[in-house]
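Just a sequence and a predicted model for now, questions to come.
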2 protein chains.
Amino acid sequence: MKLNLGFIGFGNVARAFSRVLAERQSILFHKCGLELKTTAIATANHGCVLSPIGFDLVKAAELSEQGLSFTNLADSLPVSDPLALIERCDVDVLFETTTLNVVDAQPAINHIRAALNRGIHVVTANKGPIAFAYNELKALAAKNNRCFYFEGTVMDGTPVFNLVERCLPATRVLGFSGILNSTSNLILTRMESGLSFEDALAEAQSRGIAEANADYDIDGWDAAMKAVVLTNVLMGGQLHPSQVTRQGIRDVTARDLNEAAGSGKSIRQIARSARTSEGIKITVMVEEVPAASALGSVRGTSNVLLLETDLMGEIGIVENDPGVQQTAYALLSDLLRIRESLDP
Amino acid sequence: MKLNLGFIGFGNVARAFSRVLAERQSILFHKCGLELKTTAIATANHGCVLSPIGFDLVKAAELSEQGLSFTNLADSLPVSDPLALIERCDVDVLFETTTLNVVDAQPAINHIRAALNRGIHVVTANKGPIAFAYNELKALAAKNNRCFYFEGTVMDGTPVFNLVERCLPATRVLGFSGILNSTSNLILTRMESGLSFEDALAEAQSRGIAEANADYDIDGWDAAMKAVVLTNVLMGGQLHPSQVTRQGIRDVTARDLNEAAGSGKSIRQIARSARTSEGIKITVMVEEVPAASALGSVRGTSNVLLLETDLMGEIGIVENDPGVQQTAYALLSDLLRIRESLDP
């Protein structure tokens, strides 16, 4: 099966994915019957280009890392902007990996709308569109009979949406709890080891886990957005990120952590979603939990999600020490799911 | 879609499954389009019966619990034994849930062979046939173009095989570690709370978690069989249960557990599988691990499996406080997977 790929956004995740595709090209062809060609790439800083022949993705990754324009790619045809590119491209699967806009998730929502309306399957690792417009985009994908997958929006490539949809048939998710933000968890666990908040944050930034402006992680916005995504997708919710009761980790002190540790507890930023008599409620709060528990034992950048279900009781999924490779895997697993759905 | 079901073995798991089917009958029909009828049940102690009209499964569960014969069921036609029943039945999906035979997994392997050879899809929660004959039975199912699923053999209905097959495409499982035996873990964690080995064992038995003869759990055989199943299915192994290096929990003392707890450690029965230069090695050993870790934090009857993969790093799946309901769910999820594969 020949599939043409397109990229909107070409940052760390898309570049890691490009290298996975190049490394696994032979396996993808021989085991999955996939012949892939990238015919469109749009970025804010490196230009928007089309190529009917197909780009060398590893070369594109290198140019992007060197801060050079994609017009340096062989056979590249420049286009004015991402929406123009989506209108003109010959693409079967579009990967939307632009940076999150926490205010309204734009222009990513518009990119996805335009692609689905043109009959293009969409994969995204950008949680904004799912947090703000999941129900609309899902309906649009269904109307156009196209796939719309987003495994990478929560816990990278760890199966979360696929786990529930594909492995827990006929179960209802009643609620969940989880540690979903790597930066906050790394800071809290490094502070447990004696680092100051500032030094722990600096470490997270130098390791590329936290952005230069880490407020979004530290103040619980990232966990809140992910909790909304999980709630709306897995529990049939209709919640908006502004409806989350949210507490950041800024006020946690070394003394709090030490005192907790002394009584066998850990302090963690925990996202929870529960069905109540007034509808679904989501919280992201700093909580003290037993250190020797599924939540309390999660250290560093690791994540965990505990799902409470009707038929299967409580099951949890853990991601240990993730990196950009794991987010790249999310894009690959979504691509392979599209391949499966096109030719079952 | 109309499917006729058959049961070989009708113990706790099959009875719990029967009640789930009865409770969810309407959902299974309206949401999954499934119309189910049970036309064959074979047991060692309650007879073997056929019914073209279909049995009342809840009534069968009641008879079985009252120690009465299935010949009391309306329209039942007695048959001499399970193999005769498999040869004569009009069944689409057979559920093999007989008791584990740890010596050679018979007669369960013969039941599964006979059913697959007759073109019947097979679901089993019996780990024996998978531990002893997975590669043969898988080939037989493929040859006959029939489904052969066994999610319930490890960690009940928690997705383990489905997780890897359906949610981790193109990844290779490099190895794993896990806590797979509920009885041993319950005994160790109850001993941590001050109970003697004997009292903890008695509690596991009174709760129906351990058999009257719990040697099989305590001496590590159950975990070893499950580790072989995981290795052969997920890692392409060809191992036999006798090849597992195995240590039971009999020699663990309250003092050992106290000393470990004093230094922030837990003692757990841990199954591990790893690729080595001499092939895959499986061990089931009593180990001291950090209490605040994915393995050390698992308490009571809960289980955990940590998978080490090439593309997705380490991910874990946890089952909290399982009961027979969760094993029954395994049969349901396998049935729904068959339904999906018949009509994608």
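Alright, I've got the coordinates.

okay, CA-based contacts and neighbour counts for the rest of this
Noted.

show me the contacts for the nearest residue to residue A:2 once chain neighbours are set aside.
The shortest distance from residue A:2 to any residue other than its chain neighbours is 4.7 Å, reached at residue A:35 (Cα to Cα, 6 or more residues apart in numbering or on different chains). Counting by Cα atoms under 8 Å, 6 or more residues apart in numbering or on different chains, residue A:35 makes contact with A:1-3, A:28-29.

per-residue confidence for residue A:35?
Listed pLDDT for residue A:35 reads 95.

for the one 4 residues further on, same thing?
Reading off the confidence values, residue A:39 has pLDDT 98.

Ramachandran angles for it?
Residue A:39 has phi and psi values of phi -110, psi 0 when expressed as degrees, to the nearest 10.

Same question for the one 3 residues further on.
Taking degrees, to the nearest 10, you get phi -130, psi 130 for the backbone angles of residue A:42.

From chain B, how far out is the residue nearest to residue A:2?
Remark: distance between residue A:35 and chain B (Cα to the nearest Cα, to the nearest Å) = 15 Å.

Then residue A:246?
26 Å.

One more: residue A:16?
Distance from residue A:16 to chain B, by Cα to the nearest Cα: 11 Å.

mind exporting the one helix or strand residue A:6 maps to as CSV, just the C-alpha atoms?
Using DSSP states H and E, residue A:6 maps to strand A:2-8. In CSV, the C-alpha atoms belonging to strand A:2-8 read as follows (Å, rounded to 0.1, in the frame of the first residue of the first chain):
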residue,chain,number,x,y,z
LYS,A,2,1.4,3.4,-1.1
LEU,A,3,0.7,6.3,1.3
ASN,A,4,1.7,9.9,0.9
LEU,A,5,2.5,11.6,4.2
GLY,A,6,2.3,15.3,5.1
PHE,A,7,3.6,17.2,8.1
ILE,A,8,2.3,20.4,9.7
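
That strand: partners in the sheet, and parallel or antiparallel?
Here strand A:2-8 has these sheet partners by DSSP bridges: strand A:35-42 (parallel), strand A:93-96 (parallel).

Give me whichever of those strands is most buried.
With neighbours taken as mean count of other Cα atoms under 10 Å in any protein chain shown, the strands paired with strand A:2-8 reach their highest mean count in strand A:93-96, at a mean of 26.

Show me how chain A divides into domains.
A:2-158+A:325-342, A:166-321 (automatic domain parsing).

So which bits of the lowest-mean-pLDDT helix or strand in chain A are buried?
Ranking every helix and strand in chain A by mean pLDDT, DSSP states H and E puts helix A:25-30 at the bottom, with a mean of 92. Buried positions in helix A:25-30, judged by neighbour count with 16 or more other Cα atoms under 10 Å in any protein chain shown: residue A:28.

residues from the stretch 151-300 of chain A in reach of chain B?
By the rule Cα under 8 Å from any Cα of the partner chain, the part of the stretch 151-300 of chain A lying against chain B is A:157-159, A:162-163, A:166-170, A:291-294, A:296-298.

which ones among those residues are found in helices?
Among those, the members found in helices (DSSP state H) are A:162-163, A:166-167.

Can you flag the buried ones in those?
Buried by 16+ other Cα under 10 Å: A:162-163, A:166-167, out of these.

For chain A, just list every one of the helices.
A:12-23, A:25-30, A:57-65, A:82-88, A:108-117, A:127-143, A:161-167, A:182-192, A:197-206, A:215-218, A:221-234, A:254-262, A:324-342.

how far does the fourth one sit from the chain's center?
Right, helix A:82-88. 23 Å (Cα atoms, centre = their mean, to the nearest Å).

Check the shortest one too.
Taking Cα atoms, centre = their mean, the mean C-alpha location of helix A:215-218 is offset from the chain mean by 16 Å.

now do the longest one
Relative to its chain's centre, helix A:324-342 lies at 12 Å (Cα atoms, centre = their mean).

now swap in the third one and tell me
The gap between where helix A:57-65 is centred and where its chain is centred comes out at 22 Å by Cα atoms, centre = their mean.

Which strands or helices does it pack on?
The contact analysis (3 or more Cα pairs under 8 Å, 6 or more residues apart in numbering or on different chains; DSSP states H and E) places helix A:57-65 against helix A:12-23.

ok and the helix it packs on relative to strand A:35-42, angle-wise?
Between helix A:12-23 and strand A:35-42, the angle formed by their directions is 160 degrees, by axes from the mean of the first three to the mean of the last three Cα atoms, to 10 degrees.

And the contacts of helix A:12-23?
A:7, A:57-58, A:61, A:97, A:324-325, A:327-329, A:331-332.

can you redo the domains of chain A as CSV with distance to residue B:310?
As requested, these are arranged in CSV below (distance: least, Cα to Cα, whole Å):
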stretch, distance to residue B:310
domain A:2-158+A:325-342, 10
domain A:166-321, 13
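
mind checking which of these is nearest residue B:48?
Comparison of these against residue B:48 by Cα to Cα identifies domain A:166-321 as nearest, at 29.5 Å.

Which pLDDT value goes with residue A:209?
For residue A:209, pLDDT reads 89.

Show me the shaky parts of chain A.
Low-confidence segments of chain A (pLDDT under 70): A:344.

Please repeat the previous calculation with a cut-off of 90.
A:31-32, A:74-75, A:102, A:208-213, A:343-344 (pLDDT under 90).

Between the strands paired with strand A:2-8, which one is closest to residue A:72.
Of all those, it is strand A:35-42 that lies closest to residue A:72, at 12.6 Å by Cα to Cα.

So in terms of bridging, what pairs with the nearest residue in space to residue A:334 that is not next to it in sequence?
Closest residue in space to residue A:334, ignoring its immediate chain neighbours: residue A:149 at 6.0 Å, by Cα to Cα, 6+ apart. Beta bridges link residue A:149 to residue A:123, judged by DSSP bridges.

Quick check: residue A:149 touching residue A:126?
No - between residue A:149 and residue A:126 there is no contact, the gap being 10.8 Å when judged by Cα atoms under 8 Å.

what does stretch A:99-112 rub up against?
Residues from elsewhere that reach stretch A:99-112, judged by Cα under 8 Å, 6+ apart: A:8-9, A:82-83, A:86, A:96, A:98, A:122, A:126-129, A:132-133, A:137.

For the residues you listed, pick the one with the most neighbours.
Counting neighbours by other Cα atoms under 10 Å in any protein chain shown, residue A:129 comes out on top of the contacts of stretch A:99-112 with 30 neighbours.

if I look at it, how far off is chain B?
Here the criterion is Cα to the nearest Cα. By it, residue A:129 lies 23 Å from chain B.

Now do the contacts for that residue.
Taking Cα under 8 Å, 6+ apart, we find residue A:129 in contact with A:105-106, A:108-109.

okay if I get these as CSV plus neighbour count?
Output for those, formatted as CSV (neighbours: other Cα atoms under 10 Å in any protein chain shown):
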residue, neighbour count
A:105, 20
A:106, 16
A:108, 24
A:109, 21
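
Residue B:318: which of these is nearest?
When the contacts of residue A:129 are compared against residue B:318 (criterion: Cα to Cα), the nearest one is residue A:105, at 33.2 Å.

how deep is the residue nearest to residue A:221 when sequence neighbours are not counted tucked in, by neighbour count?
Distances taken as Cα to Cα, 6+ apart put residue A:246 closest to residue A:221, at 7.6 Å, once the chain neighbours are dropped. Neighbours of residue A:246 under the rule other Cα under 10 Å: 20.

ok, now the one 10 residues further on?
Using other Cα under 10 Å, the number of residues around residue A:256 comes to 15.

For chain B, see how far away it is.
According to Cα to the nearest Cα, residue A:256 and chain B sit 18 Å apart.

Including distance to residue B:215, could the helices of chain A go into JSON lines?
Converted to JSON lines, these look like this (distance: least, Cα to Cα, whole Å):
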{"stretch": "helix A:12-23", "distance to residue B:215": "47"}
{"stretch": "helix A:25-30", "distance to residue B:215": "45"}
{"stretch": "helix A:57-65", "distance to residue B:215": "57"}
{"stretch": "helix A:82-88", "distance to residue B:215": "64"}
{"stretch": "helix A:108-117", "distance to residue B:215": "58"}
{"stretch": "helix A:127-143", "distance to residue B:215": "50"}
{"stretch": "helix A:161-167", "distance to residue B:215": "33"}
{"stretch": "helix A:182-192", "distance to residue B:215": "41"}
{"stretch": "helix A:197-206", "distance to residue B:215": "49"}
{"stretch": "helix A:215-218", "distance to residue B:215": "50"}
{"stretch": "helix A:221-234", "distance to residue B:215": "41"}
{"stretch": "helix A:254-262", "distance to residue B:215": "38"}
{"stretch": "helix A:324-342", "distance to residue B:215": "41"}
